[in-house]
Each structure stands twice: as C-alpha cells, then as structure tokens.
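>>> structure of the sequence below:
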Amino acid sequence: MKKPTPSHELEEIKITIKDRNVIATHYVAGKYFNHSIAKCHPSDDFDYSTGRDIALKRLLCIEPSISVTKLKETTPYFNNLIKENF
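Here you go, the predicted model:
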C-alpha cells in the first residue's frame, strides 16, 4: 500500500548524526514517514554539511546538482521544516 502524501503543515525533518552517518528522518503529524542515510566512506574525512545535504536530497528526491543552501534561501518553508539534532 502506498503511503499518503503528507500535509506540509504537519511535517518535520530531523537531522541526526550516528557514528559517521547523517540521517534525515521525515515525520508527519509526529509519526515516522520515511528516512534517508548518507554514509561517510572510511577513507574520507567526515563533513556534517556534506552528509546533511546528501541525506536531504535523497529524502526529498532532489537532483544532486541543486544546492541545499540555495533551496534554503529561496524556500522559507524549507527552513521551518528542518530540525537539526546533535
């Protein structure tokens, strides 16, 4: 069964760090909806901003070429949606 499309007024995305992974979790009306994970390769230096951007793009199905920073600047709703927890 396909999940219903969430209402923007009840959405929240929490960004968390666990080990060398950045996890973006999407909640609707306080309940889990879906998530994505950006894993840092063992030979790379961990960078939170890069991991956050990758996890958000995967979660929201955004083209990799689109800048999350630019999206934040042009979409006020986007800033209210994201809660960074670490």
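
>>> okay, now the unreliable bits of the chain?
Under the criterion pLDDT under 70, the flagged ranges of the chain are 1-9, 76-79, 85-86.

>>> just want the most central residue of it.
Geometric centre of the chain, nearest residue: L56, 2.9 Å, by Cα atoms, centre = their mean.

>>> can you give me the helices in this protein?
For the chain, helices defined by DSSP state H occupy the ranges 48-60, 68-74, 76-81.

>>> helices or strands up against the longest one?
With contacts defined as 3 or more Cβ pairs under 8 Å, 6 or more residues apart in numbering; DSSP states H and E, helix 48-60 has these neighbours: strand 11-18, strand 21-28, strand 31-39, helix 68-74. Heads up, the C-betas are built off the backbone N, CA and C, glycines and all.

>>> the second one too?
Other helices and strands packing on helix 68-74, by 3+ Cβ pairs under 8 Å, 6+ apart, are helix 48-60, helix 76-81.

>>> thought Y48 was touching I17?
Yes. Between Y48 and I17 a contact is recorded at 6.6 Å, counting by Cβ atoms under 8 Å.

>>> ok, I37 - contacts?
N21, V22, I23, A24, A55, R58 (Cβ atoms under 8 Å, 6 or more residues apart in numbering).

>>> wait, the fifth one sits on K18?
It refers to A55. No. Counting by Cβ under 8 Å, A55 stays clear of K18, with 11.5 Å between them.

>>> more neighbours, those two?
Neighbour totals were compared for A55 and K18, and A55 leads with 24 against 9 (other Cβ atoms under 10 Å).

>>> residues contacting the more buried one?
Residues counted as contacts of A55 (Cβ under 8 Å, 6+ apart) are I15, V22, I23, A24, S36, I37, A38.

>>> most surrounded residue in the contacts of I37?
V22 (27 neighbours).

>>> give me the distance between that one and D44.
For V22, the distance to D44 equals 13 Å [Cβ to Cβ, to the nearest Å].

>>> what's the closest non-adjacent residue to I15?
E84 (4.5 Å; Cβ to Cβ, 6 or more residues apart in numbering).

>>> residues in contact with that neighbour?
K14, I15, R52.
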